[in-house]
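> Below: sequence and its predicted model.
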Amino acid sequence: MIGALAVVRDCIRSGEPAVLATVVQLSTTRVASVRAGAEVAPALGAKIVVRPGVAALGSLGEPTLDEVVVRDALAALEAGKNQVRDYPSDDDPLSSVTVFYDVFTTPPRMVVIGATDFTAALVRVAKTLGYRVSVCDARAVFATSQRFPEADEVVVDWPDRYLATVAGDLGPQDAVCVLSHDHKFDVLALVAALTTRAGYVGAMGSRRTHSERLDLLRREGVDEQQLARIMGPIGIDIGARSPEETAVAIVAEIIALRTRSVVPSLRDRTGPIHQVRP
């Protein structure tokens, strides 16, 4: 369907998320049904374009299948990954349709709280990985575009207030990194971050600092399930010390969490963060 492909092309150009669902295989019984002239049957190569908040464009040839595919397309978009699904017929388990979901997402977002040297390094690494990066700090003297020229936006505001404005835009592919290392900013930022659907929430600080921070969050009414979302101390355990090394450790942890890979996170061990290694 040329119309569907044109819509997808326009979505890619404008950065609008979309999913192109295509019938890529029909079981032999389904093919027989199509050849027999069934009134309603999926067609090989049929396409449907699904976008959030917009009516689906196209059809796979079967209204009930279209409904299910639209639902699953939105789920695939949420996951941010291409998928293949088989749909057996209710009447005949051997009769099935295979649909490929080609997912086109917007760039993942990273919100960095705190305008520090570590922030500058993290912005550079995150941009290399394709993130749209926002830096937020309530201190105008530190939060400047001159200090963070590679950031997509630098916001002078209290972190909780800023996060409230972008909460609806954050999803499982996005990250909030709290690097302010100051309880008066950290606690507000984390309380706000935990109300979002961001897939990664991390906080910088020593093990002692993080323990104190967790106690303060409990006093704010944050429950243990929500606290468990916080990756703190932030980053994987690679012995990082410099801002650049720490930035690598942070993005590595974000990638591992997203791909469900097992890595040695600082959060999961005991003892000082900066150990003297032989």
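Arrived safely. Numbering: from 1, shown residues only.
> can you map out the helices along the stretch 151-278 of the chain?
With DSSP state H, counting those that start in this stretch as the criterion, the stretch 151-278 of the chain has helices at 159-166, 183-193, 207-219, 224-227, 243-259.
> Can you list the buried residues in the last one?
For helix 243-259, burial by neighbour count (16 or more other C-beta atoms under 10 Å) applies to 243-244, 246-254, 256-258. Bear in mind the C-beta positions are built from the backbone N, C-alpha and C, glycine included.
> for stretch 9-20, which positions count as buried?
Quick answer for stretch 9-20 (16+ other C-beta under 10 Å): 11, 16-20.
> Just the ones of those in strands?
18-20 (DSSP state E).
> Strands along this protein, start to end?
Under DSSP E, the chain gives strands at 18-26, 47-51, 54-58, 83-88, 96-104, 109-113, 132-137, 153-156, 175-178, 200-203, 230-231.
> okay if I get these as TSV plus mean pLDDT and distance to residue 6?
Formatted as TSV, the strands of the chain follow (pLDDT from 0 to 100; distance: least, C-beta to C-beta, whole Å):
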stretch	mean pLDDT	distance to residue 6
strand 18-26	95	11
strand 47-51	95	10
strand 54-58	93	10
strand 83-88	93	23
strand 96-104	94	14
strand 109-113	97	27
strand 132-137	97	26
strand 153-156	97	31
strand 175-178	98	33
strand 200-203	97	35
strand 230-231	96	42
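> Quick one, which of these gets closest to residue 144.
strand 153-156 (6.4 Å; C-beta to C-beta).
> Now do the contacts for the residue lying closest to residue 243 once chain neighbours are set aside.
Of all residues not flanking residue 243 in the chain, residue 121 sits nearest, at 3.7 Å (C-beta to C-beta, 6 or more residues apart in numbering). By C-beta atoms under 8 Å, 6 or more residues apart in numbering, the contact set of residue 121 is 242-244, 246-247.
> and which of those is nearest to residue 64?
Taking C-beta to C-beta as the measure, residue 64 lies nearest residue 247 of the contacts of residue 121, at 48.8 Å.
> Much appreciated, bye for now.
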